[in-house]
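**Student:** below is the structure, and that's it, no one-letter string:
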């Protein structure tokens with residue numbers, strides 16, 4: 001799978017892991033469509049990278065179709081990297097009562113349903129392209145989290161939605177094998193995302209020290225580096241890779 005001259009969609013591409021991935025694709029000679037609800041940041045990054053921005057709620061079929069149409073119009077769509085997501089922190093039962101059901105449903109809807117929505121639409125378009133050297137037509141990279149396996153206190157919604165993304169990896173890879181489309185998932189540990197970078201420096205340093213090695217927060221470019229390796233290695237399929245410096249999250 002070559003990045004150069006091919007088109008890739010990145011959801012949540014306006015910031016954090018998605019923005020780093022969009023930059024990686026452009027640096028490797030690919031064309032990128034940034035799909036995000038952050039219109040101003042997304043449009044600015046797309047202009048910088050000579051890509052295209054499409055405002056997109058990943059849970060919307062119409063928005064997803066618009067993103068795929070924009071990508072197909074740019075050239076041969078070969079990949080989708082799903083980075084869009086939310087991370088609520090609410091206990092199952094807290095001092096204010098039970099976990100609000102709408103908060104749980106929103107996390108599942110964006111993190112899981114949104115990931116599936118974009119995957120199914122992009123896969124259909126990629127399946128209609130001409131196959132490459134090994135019969136490959138495309139790659140889907142989804143984003144889970146170490147919370148899928150080591151969910152902390154307050155992460156019932158987030159952890160379960162990300163566990164479902166990990167659980168979707170193999171069956172989706174098997175579904176799409178006949179079309180020559182691979183499916184992989186990255187499960188990042190504690191990374192320098194906009195949410196974390198808004199915390200005080202001492203808090204960020206404390207979180208970084210929880211990582212065995214290297215004892216620091218992960219950098220978005222390291223996520224993008226792994227995404228690049230996955231795109232280029234045709235034998236990587238149907239698996240979730242932890243990208244976490246060997247951290248195993250404690251309850252809190």
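**Tutor:** Everything's here; your move. Given the structure is predicted, the values throughout are model-derived calculations rather than measurements.

**Student:** report the central residue of this protein.
**Tutor:** In the chain, the residue lying closest to the centroid (C-alpha atoms, centre = their mean) is residue 83, at 2.5 Å.

**Student:** what's near enough to touch that residue?
**Tutor:** 10-13, 16-18, 21, 143 (C-beta atoms under 8 Å, 6 or more residues apart in numbering). Every residue, glycine included, has its C-beta placed from N, CA and C.

**Student:** contacts only, for residue 241.
**Tutor:** Contacts of residue 241 (C-beta under 8 Å, 6+ apart): 184-187, 226, 230.

**Student:** can we see that at 7 Å?
**Tutor:** 186-187, 226 (C-beta atoms under 7 Å, 6 or more residues apart in numbering).

**Student:** of these, closest to residue 88?
**Tutor:** Distance ranking of these against residue 88, using C-beta to C-beta, places residue 187 first at 18.2 Å.

**Student:** where do the strands sit along this protein?
**Tutor:** 7-11, 31-36, 52-55, 77-82, 93-94, 97-98, 138-143, 181-188, 240-243 (DSSP state E).

**Student:** deepest of those, which one?
**Tutor:** strand 7-11 (a mean of 30; mean count of other C-beta atoms under 10 Å).

**Student:** so which other helices or strands are in contact with it?
**Tutor:** helix 16-27, strand 31-36, helix 61-74, strand 77-82 (3 or more C-beta pairs under 7 Å, 6 or more residues apart in numbering; DSSP states H and E).

**Student:** format these as JSON lines; extra columns: distance to residue 51 and mean pLDDT.
**Tutor:** Below are those laid out as JSON lines (distance: least, C-beta to C-beta, whole Å; pLDDT from 0 to 100):
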{"stretch": "helix 16-27", "distance to residue 51": "7", "mean pLDDT": "98"}
{"stretch": "strand 31-36", "distance to residue 51": "4", "mean pLDDT": "98"}
{"stretch": "helix 61-74", "distance to residue 51": "9", "mean pLDDT": "98"}
{"stretch": "strand 77-82", "distance to residue 51": "13", "mean pLDDT": "98"}
